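Trainee: Attaching a predicted model along with its sequence, questions to come.
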Amino acid sequence: MKPLTVSLLAGLVALVYFFPERRIARPPGVLVPEEPHQTNLKDAAPWEHKSYRIVPLATFSIRARVLLEERYWLGRESTLSPLDLTVGWGLMSDQTVLEQYRITRGYRRFWWQARNGAAAALKNEVITHSANIHIIPASDDLARSLARLRPGNIVEMGGLLVEADGRDGWKWRSSLTRDDTGDGACELMWVEWMRAR
């Protein structure tokens, strides 16, 4: 065998071994019927975390299907939030519905595109039953557990929606609604506990 062929074959084996299919298959049907639970806060005490002032905006808990996940090592935000989870509940936890959309991620955002007219007509339902959550783990152990999540996991998380303030005036603030889109529409979540299956 030629050296180039051997190298390509070895690379393919390594790719399959180190990056196996991460998606968990799920049956059709709504897997998560409940809505996220949120209670807005007023004048809650902030705290310091990794040289940032963390300001609690709302208590928040969610049970949802993981649609996509992305980890970050570069950029200022990665210091606070090394992981984004794109999640869905209600109709966006149903495999039959999800197959009608193309869902993709870019840096700290996600997009969806309907594959047919019937799916396009559900625009408002899609917007209000999916979210991109910037995850701030409350501990290193929790960060490791969160990093093991895969698309298809059913995850339950609880904690706070927050604003992070830098000493130089930089701010990163969570959305407090599920019906917004575009810049500022993502949730910035201080995660205190997590369960997954």
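Mentor: The structure has been received and is ready for your questions.
Trainee: Show me the beta-bridge partners of residue 111.
Mentor: Residues in a beta bridge with residue 111, per DSSP bridges, are residue 104.
Trainee: residues near it, how many?
Mentor: Residues near residue 111, counting by other C-beta atoms under 10 Å, number 13. The C-beta positions use only the backbone N, C-alpha and C, and glycine is treated the same way.
Trainee: these two touch, right, it and residue 101?
Mentor: No - look at residue 111 against residue 101 with C-beta atoms under 8 Å: they stay out of range, at 9.8 Å.
Trainee: Excluding covalently adjacent residues, which one is nearest to residue 173?
Mentor: Closest residue in space to residue 173, ignoring its immediate chain neighbours: residue 163 at 4.2 Å, by C-beta to C-beta, 6 or more residues apart in numbering.
Trainee: residue contacts, residue 197?
Mentor: 153-154 (C-beta atoms under 8 Å, 6 or more residues apart in numbering).
Trainee: I'd guessed residue 186 sits against residue 132; true?
Mentor: Yes - Residue 186 lies in contact with residue 132 (C-beta under 8 Å); the separation is 4.4 Å.
Trainee: so what sits against both of the two?
Mentor: 84, 108-109.
Trainee: where does the protein have low pLDDT?
Mentor: 1-21 (pLDDT under 70).
Trainee: let's see 80
Mentor: Counting by pLDDT under 80, the ranges of the chain that qualify are 1-22.
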